[in-house]
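*Asks:* just to be clear, the model below is a prediction. Sequence and coordinates:
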Amino acid sequence: MNLKHNLIAILITSVASLAVAQVTISEPWVRATVPQQKATGAFMQLKADQSMRLVAGKSPVAGVVEIHEMAMDNGVMKMRQIPGIEIPAGQTLALKPGSYHVMLLDLKQQVKDGDTVPITLEFVGLDNKKHTMEIKAPARPLNASVAPPDAHKH
Amino acid sequence: MRFFPQSRWRALSLLILCCSVSLLAGCDRSSEALARFHSIDITGAPYGHDFRLRAPDGSERTVADFRGKAVLVFFGFTQCPDVCPTALTRAADVKRLLGKQGERFLAVFITVDPERDTPAILREYTQAFDPSFIGLSGDLAQTQKTASDFRVHYAKVPTGSSYTMDHTATSYVFDPTGTLRLAVSHTTTANDLAADISALLKDAAASP
């Protein structure tokens, strides 16, 4: 009886894990840099069927990748590293100028307009398991006017 | 109560109101001037009169060097992935929106992070937005003095593996006579800002 229950539990957990690892990343982009510029930001839209947390990232172009939040405090811009961002189940979370971004630090090379930047993102689901997803984010010019794609949603 | 009957209170309130409106509008401006700009009219402000910083070519620049043009001044740093590129992109958009008038407009980017923003990096950075834009820097003391002169707050803040700079995201605009005129919020659109700059340029063209 115990064995049967254990087997069922293992089966359910395995199936649940497969179902949870569903994060949709859309419209990723990285802001291009000038030579010798050491840091830039990556932006994107994140959506997950179940509650997920973006906790880390890696990229071959950057020595360090961090999750950052930008906030305006009485007209003063403040940017801070945060340990993670919650993606509420079923909702789209936008990493965009004025809000969150993935910060690519200690850049090993210039990010040129038109380049494709690979970034591996780490998520943690409700099961506390780590899930990774790789994206290829196109670089947009430094002076790209950002038209928020989901402006009408909020 | 006896000394100040209701009519006197009314008169006094009206007087105070008129004084406030006049103060807001400036001594010899009509009340129409209040609605002229989308940005905040800070003409006559007791700060932000000048700067004295180094351009990437090594030359020293002050506000007087830009006479004849409308100048947008923004304090930022190049490692800023969000606010700074957005502000400079908006300035580039403004220049484009102004058409021919745009030849008399440029942005000056003053770095609050001279330790990382070398003249070479600044040159590349501002050029990426528009060839007419220029980045200025000073040593740590000059940076502090300039920011203070413009009532700009900035601070070096460790974050993760490195550091970031908190900084006031307001842009300032000088008119072609070298007078500080506008404080521009970070959320002001390019269209509104272009209208403001156009008005300043027209004023300058009109006066001999």
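*Replies:* Thanks, I have it.
*Asks:* from now on I want contacts and neighbour counts done on CA atoms only, so please keep to that.
*Replies:* Will do.
*Asks:* of all residues in chain A, which one is closest to chain B?
*Replies:* Nearest residue of chain A to chain B, counting by Cα to the nearest Cα: A:Val76, 4.0 Å away.
*Asks:* how close does that residue get to B:Ser185?
*Replies:* Going from A:Val76 to B:Ser185 by Cα to Cα, to the nearest Å gives 11 Å.
*Asks:* run a quick neighbour tally on the nearest residue to B:Glu103 once chain neighbours are set aside.
*Replies:* Once flanking residues are discounted, B:Glu103 sits nearest to B:Lys95: 7.6 Å by Cα to Cα, 6 or more residues apart in numbering or on different chains. As a burial measure, B:Lys95 scores 25 neighbours (other Cα atoms under 10 Å in any protein chain shown).
*Asks:* immediately after the strand or helix carrying B:Lys95, which helix or strand?
*Replies:* B:Lys95 belongs to helix B:83-97 when assigned by DSSP states H and E. Where DSSP H and E defines the elements, the next helix or strand beyond helix B:83-97 is strand B:105-111.
*Asks:* chain center to that following strand, what's the gap?
*Replies:* Taking Cα atoms, centre = their mean, to the nearest Å, one finds strand B:105-111 lying 9 Å from the centre of the chain it belongs to.
*Asks:* try stretch B:59-79
*Replies:* Its chain's C-alpha centre and that of stretch B:59-79 lie 10 Å apart, by Cα atoms, centre = their mean.
*Asks:* is that stretch in proximity to chain A?
*Replies:* Yes: with Cα under 8 Å from any Cα of the partner chain as the measure, stretch B:59-79 is seen reaching chain A through B:78-79.
*Asks:* quick one: terminal-to-terminal distance for that stretch?
*Replies:* Note: stretch B:59-79 ends 24 Å apart using Cα to Cα.
*Asks:* just stretch B:67-78 next, same as before
*Replies:* Here the two ends of stretch B:67-78 are set 26 Å apart, with distance taken as Cα to Cα.
*Asks:* so for it, mean pLDDT?
*Replies:* For stretch B:67-78, mean pLDDT is 97.
*Asks:* if we can go back for a sec, and the residue of chain A closest to chain B, what does it touch?
*Replies:* Contact partners of A:Val76, counting by Cα atoms under 8 Å, 6 or more residues apart in numbering or on different chains, are B:153-154, B:166-169.
*Asks:* for it, which residues make a bridge with it?
*Replies:* Beta-bridge pairing for A:Val76 (DSSP bridges): A:Asp73, B:Thr168.
*Asks:* tell me the pLDDT of B:Ser162.
*Replies:* With respect to pLDDT, B:Ser162 scores 85.
*Asks:* that one pairs with what?
*Replies:* Note on B:Ser162: beta-bridge partners by DSSP bridges are B:Thr159.
*Asks:* swap in A:Ala48?
*Replies:* Here A:Ala48, judged by DSSP bridges, has bridge partners A:Val23.
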